[in-house]
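Peer 1: sequence first, then the predicted structure:
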Amino acid sequence: MYFFSGEIVNPTSDYIVLLKGDVVIDSAELDDDNRFSFTLDSITEGLYHFNHDPELQYVYLEKGDSLVVRLNTSDFDESLVFSGDGEELNNFLLEVFLAHEDEASSVRSMYRLNPVDFERNIDSLKRLKLDVLDDIVTDGKLSKKELKIASASVDYNYNTYKEEYPFKHKRLTGEKNNR
C-alpha cells in the first residue's frame, strides 16, 4: 500500500488530482480541514505529479512510501514540504527545482562570460547541490535508485546550461565560441 496525503492552506480548488504522465491515477476531495488522502493498493514506482488547480508539483513515489505534504497556495512551491517515508528525495528534488528558479537570472548573466569562467561558475553552482546530496547520502537515507534520480536532476540543469552556452553567448556578445 501507498499513502499520499496532506494539507492545503488557502485552497484554490476542492480537489487534488494525482497523475502519472497524462493519466489520472486518482483524485481526492479536500475535507473541512483542507486535508486530502490517497490510499493506493499498487502503483508503478516513479515520478508522478499532483494538481491543485492552477498549480502542479512533481512527487516521486516508490514501494513503501507514506508521504505527507503541506503547502500554502499563496506561495505554492516555496511553502511545500514533504514528510514521511520518501521525504528525503522529494524535498531534495524540490530544493533543486527552487534553486534552478532562483539561479535563472544569474545564469543568464553568466552567458556573457568567457568559456572557462562560465564553466567554473556553473560547476560551482552544481557542486553546491551535490554537496547537499552527499550529506543526504552520508545519512544513508537514499536508495541507489533514489540517488541516481537525485543526481540526474542536478546534472540535467547544469548540463543544459552548458549546452546552451555557445548559442546564448554568441547571441549576447556576438562572439563565436569554438569550444
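Peer 2: Okay, I see it.

Peer 1: do a quick rundown of the strands in this protein.
Peer 2: Assigned by DSSP state E, the chain shows strands spanning 2-9, 15-20, 23-29, 35-40, 46-52, 55-61, 66-72, 81-85.

Peer 1: quick one: strands adjacent to the longest one?
Peer 2: Right, strand 2-9. Paired strands of strand 2-9, with direction, are strand 35-40 (antiparallel), strand 66-72 (parallel) (DSSP bridges).

Peer 1: and the second one, by the same measure?
Peer 2: Using DSSP bridges, the strands paired with strand 15-20 in its sheet are strand 23-29 (antiparallel), strand 46-52 (antiparallel).

Peer 1: least confident of these, on average?
Peer 2: Per-stretch mean pLDDT for the strands paired with strand 15-20 is lowest at strand 46-52 (a mean of 88).

Peer 1: how far is that strand from where the chain is centred?
Peer 2: 11 Å (Cα atoms, centre = their mean, to the nearest Å).

Peer 1: sorry, back to before: out of the strands paired with strand 15-20, which one sits most buried?
Peer 2: Most buried of the strands paired with strand 15-20 by mean neighbour count (mean count of other Cβ atoms under 10 Å) is strand 46-52; its value is a mean of 17. To be clear about C-beta, it is placed using only N, CA and C from the backbone, and glycine gets the same treatment.

Peer 1: next, the angle strand 55-61 makes with it.
Peer 2: 150 degrees (axes from the mean of the first three to the mean of the last three Cα atoms, to 10 degrees).

Peer 1: low-confidence stretches in the protein?
Peer 2: Within the chain, the ranges that satisfy pLDDT under 70 run 1, 77, 177-179.

Peer 1: packing partners of the longest helix along the chain?
Peer 2: Scanning the chain for the helix with the most residues, using DSSP state H, yields helix 144-173. For helix 144-173, the contact count by 3 or more Cβ pairs under 8 Å, 6 or more residues apart in numbering; DSSP states H and E identifies helix 87-110, helix 115-138 as packing neighbours.
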